[in-house]
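Student: Below: sequence and its predicted model.
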Amino acid sequence: MAADKLSTRHLLGIKDINLNDIELIFETADNFKDVINRPIKRVPSLRDITIANIFFENSTRTKLSFELAEKRLSADVINFAASSSSVSKGETLIDTVNNILSMKVDMVVMRHPYAGAGVFLSKHINAQIVNAGDGAHEHPTQALLDAYSIRQKLGEVRGKKVVIVGDILHSRVAISNILCLQKLGAEVMVCGPATLIPKHIASLGVKVEHDLITALNWCDVANMLRIQLERQDIKYFPSLREYAMMYGLNKKILDNLNKEIIVMHPGPINRGVEITSDVADSKQSIILEQVENGVAIRMAVLYLLASQRD
């Protein structure tokens, strides 16, 4: 049985939480999954809490998922998009957030293009911070929902072999997933072109493989990452077509493996690049389960953080 409270006031990254925290989040998410699958999907758990969603980068899935989680918990929600705000007029991060906090906000869910923005903010303001992605650094709720989805499908994460395929270099999802899966006892491999694998990633205790078929035959679960073209300042491979030929997962490859594997994707999918439509929509894909589990995991995180409030 996990402990009954988190060891941290904020959720800034997987590296800041322990195995007990992860198990507590999963147990709490189990309860919230029951809530979101019943006719009345709302509980009054956060009725007196105000949460600000502050997104300095574009987001559809994560923003919707957090907003839905907050509303399912009956929190008051305010949304802030940096592109249409005073940030574009030169206002600093601390000024922006302090202005929002002066409106008596209890919790901030923030996505920011710079690594460490959430950590920086947590040192300067009193509200609790949930990191919804900071640059190419961490994306803790994505890693939690991915591991939770594996647990739901395979019974447990311990001992499972997970390969993360694609743009590891620019991916906050990859780093958070590696840390989370290792804490839960899984074996992790990364696979992709040498130019998209960070130089010293083996020091994290992961296997490195450049051949997709070898990696897929090794794994129980393949997490196919999107090519992050918006973060790439130089060309890391000749063309998307060549990338898809070398590292794209299609139904023929899937059917020719020596065992049946589970296919995941954090979204948004570039169909025909990292995976084809027939793989994304196949029975081995748990991509839509990941989306549903994302709401339950984020409800659990917000609820557990709020329950620590003085």
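Tutor: Structure's in. What do you need?
Student: now the strands for the stretch 101-250 of the chain?
Tutor: Using DSSP state E, counting those that start in this stretch, the strands of the stretch 101-250 of the chain run over residues 107-112, 128-134, 161-165, 187-191, 207-209, 221-224.
Student: for this protein, what are the low-confidence residue spans?
Tutor: 1-3, 83-91, 228-236, 238, 310 (pLDDT under 70).
Student: Pick out the residue nearest the middle of it.
Tutor: The residue lying closest to the centre of the chain (C-alpha atoms, centre = their mean) is Gln142, at 1.5 Å.
Student: Next, the contact list for it, please.
Tutor: Gln142 makes contacts with 62, 133, 172-173, 176-177, 266, 294, as judged by C-beta atoms under 8 Å, 6 or more residues apart in numbering. Using the backbone N, CA and C atoms, a C-beta is placed for each residue, glycine as well.
Student: Please apply the same query to Glu209.
Tutor: 163, 189-191, 215, 218.
Student: Show me what the longest helix seen in the chain is packed up against.
Tutor: Longest among the helix segments of the chain by residue count, using DSSP state H, is helix 287-306. Counting by 3 or more C-beta pairs under 8 Å, 6 or more residues apart in numbering; DSSP states H and E, the packing neighbours recorded for helix 287-306 are helix 19-36, helix 61-72, strand 107-112, strand 128-134, helix 140-154, strand 262-264.
Student: can you rerun that using 7 Å?
Tutor: helix 19-36, helix 61-72, strand 107-112, strand 128-134, helix 140-154 (3 or more C-beta pairs under 7 Å, 6 or more residues apart in numbering; DSSP states H and E).
Student: Could you save those as a markdown table and add columns showing distance to Ile197?
Tutor: Shown next, in a markdown table, are those (distance: least, C-beta to C-beta, whole Å):
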| stretch | distance to Ile197 |
| --- | --- |
| helix 19-36 | 26 |
| helix 61-72 | 25 |
| strand 107-112 | 25 |
| strand 128-134 | 21 |
| helix 140-154 | 19 |
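Student: phi, psi of Leu254?
Tutor: phi -60, psi -40 (degrees, to the nearest 10).
Student: What's the local residue count around it?
Tutor: A total of 20 residues lie near Leu254 under the criterion other C-beta atoms under 10 Å.
Student: same question, the one 10 residues further on
Tutor: The local packing count at Met264 equals 26, with neighbours defined by other C-beta under 10 Å.
Student: I figured it was touching Val291, is that so?
Tutor: No - with contacts counted by C-beta atoms under 7 Å, Met264 stays clear of Val291, the gap being 11.1 Å.
Student: re the thing from before, list only those of the contacts of Gln142 flagged as buried.
Tutor: Among those, those classed as buried by 16 or more other C-beta atoms under 10 Å are 62, 133, 172-173, 176-177, 266, 294.
Student: would you turn those into a markdown table with distance to Gly248?
Tutor: Putting the buried ones among the contacts of Gln142 into a markdown table (distance: C-beta to C-beta, whole Å) gives the following:
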| residue | distance to Gly248 |
| --- | --- |
| Thr62 | 24 |
| Gly133 | 25 |
| Arg172 | 22 |
| Val173 | 18 |
| Ser176 | 24 |
| Asn177 | 20 |
| Pro266 | 16 |
| Gly294 | 25 |
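Student: now, which of those sits nearest Val157?
Tutor: Distance to Val157, by C-beta to C-beta, is smallest for Asn177 among the buried ones among the contacts of Gln142, at 11.1 Å.
Student: That closest one: what's it in contact with?
Tutor: For Asn177, the contacting residues are 143, 146, 164, 223, by C-beta atoms under 7 Å, 6 or more residues apart in numbering.
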